[in-house]
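K.L.:
Build the 3D model from these lines:
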Amino acid sequence: MKTGIDMGSTRSGEPAELDLAELLATRLLVQGNSGSGKSHLLRRLLEQSAPLVQQAIIDPEGDFVSLADQFGHVVVDGTASPVELQKIALRVRQHRVSVVLNLEELDADEQLRATAAFLGGLFEIDRAHWYPMLVVVDEAQLFAPVMAGEASDEARRQSLGAMTNLMCRGRKRGLAGVIATQRLAKLAKNVAAEASNFLMGRTFLDIDMQRAADLLGMDRRQAEMFRDLERGQFVALGPALSKKPLPVRIGPVASIDRGGAPGLLPLPDQAPEDASKLIFTAGEGEVAPAPWPKQPRPRPVVAPEIIRRIETHQPVPPPEPEIEMDPAERAAALVEILNELLDDPEARDRPVAVLYQDFTVRCRMRRVSGPETGLEAFRKRLAVARAGASEAVLSSEAWEKALTAAETLPEDLHGLFLFIARSAIEGAPCPSDAELAEAYGSHSPSRARRLIGYIEERGLLVCHVDFRGQRTLALPSLGVETAPGLASPLVKGLPPRRARG
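P.N.:
The predicted structure is shown next:
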């Protein structure tokens with residue numbers, strides 16, 4: 001059954017509907033600069049869907065607490081301890097209560113820790129309580145940043161891991177992520193890439209306009225249109241919205257928006273001497289501010305104390321000696337460790353940083369170290385393993401050329417390019433869009449097609465479709481090409497990738 005949510009109107013005046021059932025399965029990304037109407041859009045979505053689905057809102061500025069007055073949401077104070085927030089989240093899913101997590105009283109570091117704890121509670125729940133829930137995260141670039149900011153690295157890792165779980169693995173647990181961000185360039189790619197529905201609002205920076213155009217499958221020359229969008233206008237695309245980019249205007253809301261911009265207000269009429277008294281004279285009942293904390297001066301270390309420290313110094317015990325391993329044995333151990341990682345069915349959805357952390361732990365447990373366990377070497381091994389090349393392919397001259405050509409692409413495309421190269425060297429049928437998406441680490445065939453177009457623009461690939469609709473991918477630098485194959489076969493899926501020595 002299709003459940004349509006009225007989000008406003010199109011340019012032609014027709015209702016702009018959002019399929020709520022489809023949204024729960026495909027997730028949503030909202031992007032727009034400050035003042036473009038993102039919060040208004042989220043409020044419209046929440047109000048229209050409140051009677052139909054349970055909701056949880058991560059609110060960094062306290063803009064959505066007004067939903068409690070008209071729609072019965074419970075406001076959760078983010079100042080509670082992480083353990084208490086996790087317990088509250090578990091009860092929220094058990095009793096199917098819509099909530100707003102208010103984080104406005106916390107600093108940046110505490111906001112990340114509170115969000116990680118709350119999302120962790122929503123995620124780590126017994127299967128019996130996997131009810132459908134809409135999880136809305138405003139200002140998502142704060143909780144899933146692409147790089148370190150003012151918060152600590154530990155808090156950022158916790159929050160980024162929770163957001164990754166929400167967008168990558170939440171669907172099986174009934175969690176549908178709706179994330180809004182001011183800038184796509186500030187949002188972690190592995191979080192943004194899992195959304196299949198998009199609502200793109202006004203933006204001005206070239207890099208954000210180009211990313212928005214790429215996500216919507218638009219020509220980059222059409223990206224200029226995002227500068228001309230008015231407040232409350234968005235371009236919609238996705239299975240829950242529209243099959244083609246569709247400009248929509250968001251409709252009105254019923255609840256009060258606390259985050260709206262203040263209007264103009266004339267200054268009071270007063271003489272300059274009266275204004276001076278107001279500033280420099282304490283008012284009646286005025287509370288004095290807390291004293292500014294002074295930084296303590298370091299205590300000077302005198303000579304007797306330095307001598308005592310030298311006499312009582314305990315040397316750090318030397319690290320445990322490494323076990324000498326034969327090079328062939330070391331290579332076999334690395335292949336075995338990598339295979340153990342790839343055997344995990346959820347390994348494809350994990351970012352490379354998480355996989356590398358697991359890889360290094362396993363290497364330390366087996367006393368395997370050296371340059372072969374570094375991050376760069378791991379990235380190359382992982383790309384080769386996901387390509388699934390046989391021994392004959394790995395020893396061929398064409399494969400060496402493929403490795404050299406892959407280095408000219410961004411790191412996240414190495415595995416996809418090598419997978420295509422392996423198919424072409426073996427003369428296998430052209431992989432389908434679903435197989436290419438799986439090799440890239442995604443569930444979106446349309447994203448795989450866009451990536452193929454990007455690689456073709458770089459001159460490393462030539463795509464040809466014959467009159468029967470069968471596609472062939474040729475690699476000019478290698479002098480090989482795949483056999484013809486359907487881009488969208490009826491049977492999708494790939495056998496698990498295995499690393500080879």
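
K.L.:
Tell me where the model's unsure across the stretch 151-300 of the chain.
P.N.:
Within the stretch 151-300 of the chain, the ranges that satisfy pLDDT under 70 run 220-221, 258-263, 272, 290-300.

K.L.:
actually the stretch 1-150 of the chain, sorry about that
P.N.:
Using pLDDT under 70, the stretch 1-150 of the chain drops low at 1-2.

K.L.:
quick one, helices of it?
P.N.:
Ranges of helices in the stretch 1-150 of the chain, per DSSP state H, counting those that start in this stretch, are 20-26, 38-49, 67-71, 82-95, 108-123, 140-143.

K.L.:
just these: most buried one?
P.N.:
helix 140-143 (a mean of 26; mean count of other CB atoms under 10 Å). Placement of C-beta: from N, CA and C, glycine included.

K.L.:
Just the CA coordinates for that helix, please, in CSV.
P.N.:
Output in CSV follows, covering the C-alpha atoms of helix 140-143 (Å, rounded to 0.1, in the frame of the first residue of the first chain):
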residue,chain,number,x,y,z
ALA,A,140,24.2,16.0,10.2
GLN,A,141,27.6,17.4,9.3
LEU,A,142,28.1,18.0,13.1
PHE,A,143,27.6,14.3,13.9
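
K.L.:
Which stretches in the stretch 351-500 of the chain count as helices?
P.N.:
Under DSSP H, counting those that start in this stretch, the stretch 351-500 of the chain gives helices at 352-365, 375-387, 391-394, 397-406, 414-426, 433-440, 445-457.

K.L.:
closest to Trp399 out of the helices of the stretch 1-150 of the chain?
P.N.:
helix 20-26 (36.8 Å; CB to CB).

K.L.:
for the closest one, packing partners?
P.N.:
Applying 3 or more CB pairs under 8 Å, 6 or more residues apart in numbering; DSSP states H and E, one finds that helix 20-26 contacts strand 175-181.

K.L.:
all strands of the stretch 201-350 of the chain, in order?
P.N.:
233-238, 242-250 (DSSP state E, counting those that start in this stretch).

K.L.:
Figure out how far the shortest one is from the centre of its chain.
P.N.:
When you say that, I think you mean strand 233-238. Distance of strand 233-238 from the chain centroid (CA atoms, centre = their mean, to the nearest Å) equals 19 Å.

K.L.:
Name the residues of that strand that are buried.
P.N.:
Gln233, Phe234, Val235, Ala236, Leu237, Gly238 (16 or more other CB atoms under 10 Å).

K.L.:
Show me the beta-bridge partners of the nearest residue to the first one once chain neighbours are set aside.
P.N.:
Residue nearest to Gln233 in three dimensions, not counting chain neighbours: Arg249, with 5.4 Å by CB to CB, 6 or more residues apart in numbering. Using DSSP bridges, the beta-bridge partners of Arg249 come out as Ser9, Gln233.

K.L.:
Okay, and the residue nearest the centre of the chain sits in which element?
P.N.:
Nearest to the mean C-alpha position of the chain, counting by CA atoms, centre = their mean, stands Val191 at 1.2 Å. For Val191, the element it lies in under DSSP states H and E is helix 189-192.

K.L.:
Can I get that helix in CSV, CA atoms only?
P.N.:
Only the C-alpha atoms of helix 189-192 are listed here, as CSV (Å, rounded to 0.1, in the frame of the first residue of the first chain):
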residue,chain,number,x,y,z
LYS,A,189,30.8,10.2,2.2
ASN,A,190,30.0,6.8,3.6
VAL,A,191,27.0,8.3,5.5
ALA,A,192,25.7,10.4,2.6
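
K.L.:
and it, what other elements does it pack with?
P.N.:
If you count contacts as 3+ CB pairs under 8 Å, 6+ apart, helix 189-192 packs onto helix 153-164, strand 175-181.

K.L.:
Tell me which of the ones you listed is the most buried.
P.N.:
Across the helices and strands packed on helix 189-192, averaging neighbours per residue (mean count of other CB under 10 Å) puts strand 175-181 on top, at a mean of 25.

K.L.:
Export the helices of the stretch 1-150 of the chain to JSON lines and append columns for distance to Leu187.
P.N.:
Below are the helices of the stretch 1-150 of the chain laid out as JSON lines (distance: least, CB to CB, whole Å):
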{"stretch": "helix 20-26", "distance to Leu187": "18"}
{"stretch": "helix 38-49", "distance to Leu187": "13"}
{"stretch": "helix 67-71", "distance to Leu187": "24"}
{"stretch": "helix 82-95", "distance to Leu187": "23"}
{"stretch": "helix 108-123", "distance to Leu187": "14"}
{"stretch": "helix 140-143", "distance to Leu187": "5"}
